[in-house]
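Engineer: Structural data only, the sequence is not supplied:
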């Protein structure tokens, strides 16, 4: 059985599983979830910026224009470049954060 890690987006309590070796954003999109904004998917735009609140991960190369060395050492990265090594809790920080959270809230209230 393949290893999978639970990813929790703190603002919305949205949860999904990410396969070992898969980046957080790819797993979210594969499962048709919407909690993290999606941009270039390659580490260059900064739209999917998150803070890892708990858990272990590895980070692939990402644009220093969007994530400084200091930020990265403090758990901040781009979801498209973060690969979990355990269950993770993340907080969305990207530029489109408010619009994504508003969209999720509208979807949730429509489903009530």
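Structural biologist: Okay, I see it. Keep in mind it's a predicted model, so treat the numbers as computed, not measured.
Engineer: hey, where'd the strands end up in the protein?
Structural biologist: According to DSSP state E, the chain carries its strands in the segments 4-9, 14-19, 49-54, 57-59, 76-78, 82-84, 88-92.
Engineer: Residue 68: which of the ones you listed is closest?
Structural biologist: Comparison of the strands of the chain against residue 68 by C-beta to C-beta identifies strand 76-78 as nearest, at 8.4 Å. In this view, the C-beta of every residue, glycine as well, is placed from N, C-alpha and C.
Engineer: Spit out the contact partners of the nearest residue to residue 4 once chain neighbours are set aside.
Structural biologist: Closest residue to residue 4 apart from its sequence neighbours, by C-beta to C-beta, 6 or more residues apart in numbering: residue 17 at 4.2 Å. Residues counted as contacts of residue 17 (C-beta atoms under 8 Å, 6 or more residues apart in numbering) are 4, 5, 6, 7, 27, 31.
Engineer: ok, now residue 87?
Structural biologist: Contacts for residue 87 (C-beta under 8 Å, 6+ apart) come out as 5, 6, 7, 8, 54, 55.
Engineer: Any figure for the gap between the residue positioned nearest the centre of the chain and residue 93?
Structural biologist: In the chain, the centroid-proximal residue (C-alpha atoms, centre = their mean) is residue 79; its distance is 3.9 Å. Per C-beta to C-beta, to the nearest Å, residue 79 is found 10 Å from residue 93.
Engineer: Identify the contacts common to those two.
Structural biologist: 49, 50.
Engineer: What pLDDT is listed against the residue nearest to the centre of the chain?
Structural biologist: For residue 79, the model assigns a pLDDT of 96.
Engineer: If we ignore the residues flanking it in sequence, what's nearest residue 14?
Structural biologist: The shortest distance from residue 14 to any non-neighbouring residue, by C-beta to C-beta, 6+ apart, is to residue 35 (4.2 Å).
Engineer: Tell me how many other residues crowd the one you found.
Structural biologist: A total of 23 residues lie near residue 35 under the criterion other C-beta atoms under 10 Å.
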